[in-house]
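1. next comes the sequence, and after it the predicted model I'd like to discuss.
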Amino acid sequence: MASESHQLHILFFPYLARGHMIPMIDMAKMFARRGCKSTLIATPHDEPTFLKSIAKPKDLGFDINVVMVTLPLKEVGLPEDCDNLNKLTTEEMRKQFLRAITMLDRQLELLIEKLAPDCLISDMFYPWTTEIAAKCGIPRLVFHGSSAFSMVAEECVKLYEPHKKVSCDSEPFVIPNFPGEITLSRTQLPDFVREETELTKFFDVVKEAEKRSFGIVMNSFYELEPAYADHCRTFLGRRSWFVGPFFLCSKEIEDKAHRGNQASIDQHECLKWLDSKQPNSVIYICFGSIANFDDAQLHEIAVGLEASGQQFIWVVKKDPNVEEGKEKWLPNGYESRIRNKGLIIRGWAPQVLILDHEAIGGFVTHCGWNSILEAVTAGVPVVTWPVAAEQFYNEKLVTQVLKIGVDIGAKQWVRFSGDSVKSERVEEAVKRVLVGEEAEEMRRRARALAEMARGAVEEGGCSWSDLGALIQELKSHKLARTKKI
Ligand code: UDP
């Protein structure tokens, strides 16, 4: 372990949503495994999850800890247990939540004064942390939770506004000055890009803060998207380090089983079910931590899955107000009909463990970046069903560049609920990705990427080297700073 004076101490400040917290915890572990001291900031509600996630590396002697901040929820008019984005149900609540987060500035400053870290890595959604880090005399690195592809695409759309030059919402346009002739339609863009809203201004602030920061840490690896990583560095001029996939630093089953939340199924039961299946014969369906479909859409998925005749594991968000098995979306007698063929997990699934199992042959995903990266790393082709956020860009990367997936046909960006998709499309896409020559071809490509991903984080791999270069640079920065003091 590095000696105290030379050891780099990094403070990690994750956004309070599972899709952001999970990779930030993984990143903190990754830095700790490379000899740094990692301190993660959590809220009281999430502290147990954080502590559980770092228990193993801590046991192994790595220097990793959790400290707390408390959101001023009462002050902004939110109930006390609303300290995570995943718990907010209305637009108004989300606005109040953002306000509460901004009010954490003084607590962060005090933490930096007390802990004296050498660097702050904070989520892109905390633009105000660039100033605080500067005031405290330490560099701020931005954690960008998505692909270089989507990050650069977003900026090119913002800069050239191709969506304003088409005659209707559905007319396709090519993203200008962007490698690969990538096409998109206006309906696939976020609402705050289609028209000016408060969020448009917020994202402008995010980008400005990003430009003034020390650089960006990407949960991706160079070989996955070299043209876009280069474009990010040269065209956008952002200093960026591609050091992912972060989650590969967790090797133990226990670590993977409860990543981000308590799983709603015993991992052994789940793996036993998969063990009884042939390789590549099961489709896994999960839409991340935020997207939430209505009863009508869930019903279409249920019907489509059954009609496909394929075996499946389907993760559905649990409705605490409805008894299991009595949900409106569940067709009559469904679970007894699919008994040996399908497994429905209500709540949280051990996703990484499931994807890694050889029985999994495909993944229907909303194209959240973590899910895409996990599919790539497991060598599993996907059915893309983007809902909102930057997911339509990720879909294009998967289907048009990496060519490891087929799209379900979602055409409309709709926050949380997405475009509606009929059962026939589900049936067809599931079959396409699981059986036949096209599926085999995609699987071969996905497997090659999986090998690259694992190689990237091994000693000498591209992410390993980029992380080493970043640590070295931060150490030089620390040295220069201490000399000045
Ligand atoms: N996840 C999980 N079990 C679930 C749902 C999600 O482990 O039942 C994990 C998934 O492996 C991924 C993260 O939660 O790491 C979701 O992140 P993603 O970027 O895919 O989507 P988001 O939730 O941000 O929309």
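-> That came through fine.

2. same question for the helix or strand hosting residue 54, mean pLDDT?
-> Taking DSSP states H and E as the criterion, the element that holds residue 54 is helix 47-59. Predicted confidence along helix 47-59 averages 92 (mean pLDDT).

3. show me what that helix is packed up against.
-> helix 18-33, strand 37-42, strand 64-68, helix 253-257 (3 or more C-beta pairs under 8 Å, 6 or more residues apart in numbering; DSSP states H and E). For the C-beta atoms, the positions are set from N, CA and C on the backbone; glycine is no exception.

4. ok, residues contacting that helix?
-> Residues from elsewhere that reach helix 47-59 (C-beta atoms under 8 Å, 6 or more residues apart in numbering): 21, 25, 28-29, 32-33, 40, 42, 64-66, 68, 250, 252, 254-255, 258-262.

5. and these near the ligand, which?
-> Among the contacts of helix 47-59, proximity to the ligand is found for 259-260 (C-beta under 6 Å from any ligand atom).

6. which among the contacts of helix 47-59 count as buried?
-> Burial by neighbour count, judged by 16 or more other C-beta atoms under 10 Å, picks out 21, 25, 28-29, 32-33, 40, 42, 64, 66, 250, 255, 258-261 from these.

7. now, the most widely separated pair of those residues?
-> Farthest-apart pair in these is 33 and 261; separation 22.9 Å (C-beta to C-beta).

8. distance check, the nearest residue to residue 409 once chain neighbours are set aside against residue 100.
-> Closest residue to residue 409 apart from its sequence neighbours, by C-beta to C-beta, 6 or more residues apart in numbering: residue 425 at 5.3 Å. From residue 425 over to residue 100 the distance is 40 Å, taken as C-beta to C-beta, to the nearest Å.

9. in terms of neighbours, single out the busier of the two.
-> For residue 425 versus residue 100, neighbours defined as other C-beta atoms under 10 Å are more numerous around residue 100 (21 against 18).

10. can you name the residue of this structure nearest the ligand?
-> Residue of the chain nearest the ligand, by C-beta to the nearest ligand atom: residue 19 (1.9 Å).

11. what is the neighbour count of that residue?
-> When neighbours are defined as other C-beta under 10 Å, residue 19 has 20 of them.

12. what segments of the stretch 51-200 of the chain are strands?
-> Counting by DSSP state E, counting those that start in this stretch, the stretch 51-200 of the chain has strands at residues 64-68, 119-123, 140-144, 173-174, 183-184.

13. chain center to the third one, what's the gap?
-> Read it as strand 140-144. Remark: strand 140-144 is offset 15 Å from the chain centroid, using C-alpha atoms, centre = their mean, to the nearest Å.

14. ditto for the second one
-> In terms of C-alpha atoms, centre = their mean, the centre of strand 119-123 is set 17 Å apart from its chain centre.

15. then the first one?
-> For strand 64-68, the gap between its own C-alpha mean and the chain's C-alpha mean amounts to 22 Å (C-alpha atoms, centre = their mean).

16. from now on call the first residue 639
-> Done: numbering now begins at 639, and the last item shifts to strand 702-706.

17. was I right to think residue 949 contacts residue 923?
-> No - shown here, residue 949 and residue 923 do not form a contact pair, counting by C-beta atoms under 8 Å, at 11.5 Å.

18. could you chop the protein up by domain?
-> By the assignment in automatic domain parsing, the chain contains the domains 647-887+1094-1122, 896-1091.

19. for this structure, what helix or strand is lowest in average pLDDT?
-> The helix or strand of the chain with the poorest confidence is helix 891-895; it has a mean of 82 (mean pLDDT, DSSP states H and E).

20. so which elements touch that one?
-> Under the contact definition 3+ C-beta pairs under 8 Å, 6+ apart, helix 891-895 sits against helix 685-697, helix 989-994.

21. dump these to a markdown table, plus mean neighbour count and distance to the ligand.
-> Putting these into a markdown table (neighbours: other C-beta atoms under 10 Å; distance: least, C-beta to the nearest ligand atom, whole Å) gives the following:
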| stretch | mean neighbour count | distance to the ligand |
| --- | --- | --- |
| helix 685-697 | 17 | 12 |
| helix 989-994 | 23 | 3 |
